[in-house]
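Undergrad: can't give you the sequence, but here's the structure:
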């Protein structure tokens, strides 16, 4: 039994999806639809750069979605793979939008426009340089939660991503993260400041939540028989109304990726197929359970080698 999973921010590279773009008209059409929907040449930024433009959150989010969705469509329409047989669709942060579009809950055009809005809102929720993110390695969620609770009068930080065993990401104001780093060092817990421009998935994103609530309520979500796993609950989403609520909640809440993967495994999934640039999720899944089968799909040969 397999699940389809879609990567989030950080997997972007200049030229990603270029082979698919050159070889398949349906991908050329999707790139054109993306440019038309956004009123800007996202395709040029993806294929030619410059990297600093691709790395702007407002471009990164729709770009990664475009590549993931393009590969998904090639798998379905050019290689005739029955991907609707997936037990679950899931994605990491922005990857949840790739998952919901692939699972037929929202149109391609609406999804890519929504992601541009999301990227812009998240980038501008906090003044540049004021917030950041910190990766903690080799520790457990419970230990980090205890540290945050013990120090809540000294500084405020939140767990933004529970990625896998021993990989947790925290968000907060840079001044608070410096205090947290001091505490972590005193406890000999390894940590790395991440090169990100904003503190995602924490309460500092409140302004972004307001913007996304307004945008999401305008859109025409559909019901689908395909099952989605929520980042917020790490469980199956029941219907389109719950989906809308959880997408709004996702902006300020923890991405429960480790719990999501364990939920899928506990419900019979033994094969994960990552669709999109990079192979970050494949690495995380293997750290969560080394016994499951994984495939990373970002080239034609990856699709040809895939056995469902």
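TA: Done, it's in. In this text, all values refer to a predicted model and were calculated from it rather than measured experimentally. Numbers count the residues shown, from 1 in each chain.

Undergrad: could you find the closest non-adjacent residue to residue 64?
TA: residue 12 (5.6 Å; CB to CB, 6 or more residues apart in numbering). (Each C-beta comes from the backbone N, C-alpha and C, glycine too.)

Undergrad: so that neighbour touches residue 60, yeah?
TA: Yes. With contact defined as CB atoms under 8 Å, residue 12 counts as touching residue 60 (5.3 Å).

Undergrad: now do the shared contacts for those two.
TA: Shared contacts of residue 12 and residue 60, defined by CB atoms under 8 Å, 6 or more residues apart in numbering, comprise residue 54.

Undergrad: residues touching residue 168, list them.
TA: Residue 168 touches 135, 136, 139, 141, 144, 159, 161, 162, counting by CB under 8 Å, 6+ apart.

Undergrad: what's the weakest-modelled helix or strand in this protein?
TA: helix 51-54 (a mean of 93; mean pLDDT, DSSP states H and E).

Undergrad: measure the spatially most distant residue from the centre of the chain to residue 171 for me?
TA: Using CA atoms, centre = their mean, the residue of the chain lying farthest from its centre is residue 186. It sits 32.0 Å away. Distance, residue 186 to residue 171, using CB to CB, to the nearest Å: 21 Å.

Undergrad: which residues of the chain fall in strands?
TA: 2-6, 88-91, 131-137, 157-164, 167-173, 190-193, 271-275, 293-297 (DSSP state E).

Undergrad: who wins for proximity to residue 230 among those strands?
TA: Within the strands of the chain, the stretch nearest residue 230 is strand 88-91; the backing value is 8.5 Å (CB to CB).

Undergrad: longest helix of the chain?
TA: helix 57-77 (DSSP state H).

Undergrad: how far off centre is it?
TA: Offset of helix 57-77 from its chain centre (CA atoms, centre = their mean, to the nearest Å): 12 Å.

Undergrad: what are the buried residues along it?
TA: Residues of helix 57-77 classed as buried by neighbour count (16 or more other CB atoms under 10 Å): 57-75.

Undergrad: which strands and helices sit next to that helix?
TA: helix 18-23, helix 25-38, helix 42-48, helix 51-54, helix 95-102, helix 108-123, strand 271-275, helix 300-305 (3 or more CB pairs under 8 Å, 6 or more residues apart in numbering; DSSP states H and E).

Undergrad: pull the residues that contact the third one.
TA: Think helix 42-48. Contacts for helix 42-48 (CB under 8 Å, 6+ apart): 14-18, 21, 31-32, 34-35, 53-54, 59, 62-63, 66-67.

Undergrad: now do that helix, average pLDDT.
TA: For helix 42-48, the mean per-residue pLDDT is 97.

Undergrad: again with the fifth one
TA: On average, the pLDDT along helix 95-102 is 98.

Undergrad: same for that helix, what does it pack against?
TA: On a contact count with 3+ CB pairs under 8 Å, 6+ apart, helix 95-102 meets strand 2-6, helix 57-77, strand 88-91, helix 108-123, helix 240-250.

Undergrad: quick check: angle from the last one to helix 108-123?
TA: Spelled out, it's helix 240-250. 30 degrees (axes from the mean of the first three to the mean of the last three CA atoms, to 10 degrees).

Undergrad: show me which positions of helix 240-250 end up buried.
TA: 240, 243, 244, 246, 247, 248, 249, 250.

Undergrad: leaving out sequence neighbours, find the closest residue to the third one.
TA: I take that to be residue 244. Residue 244 sits nearest to residue 216 (CB to CB, 6+ apart), 5.2 Å away.

Undergrad: how far away is that neighbour from residue 203?
TA: In terms of CB to CB, residue 216 sits 19 Å off from residue 203.

Undergrad: neighbour count winner among the two?
TA: residue 216 (19 against 14; other CB atoms under 10 Å).

Undergrad: OK, contacts around the more buried one?
TA: Neighbouring residues of residue 216 by CB under 8 Å, 6+ apart: 114, 244, 247, 248.

Undergrad: redo that, cut-off 7 Å
TA: Applying CB atoms under 7 Å, 6 or more residues apart in numbering to residue 216 gives the contacts 244, 247, 248.

Undergrad: same check on residue 252?
TA: Counting by CB under 7 Å, 6+ apart, residue 252 makes contact with 201, 202, 203, 205, 206, 209.

Undergrad: which residues does the residue nearest to residue 90 when sequence neighbours are not counted bridge with?
TA: Nearest residue to residue 90 in three dimensions, chain neighbours excluded: residue 229, at 4.0 Å (CB to CB, 6+ apart). Residue 229 has the following beta-bridge partners by DSSP bridges: residue 236.
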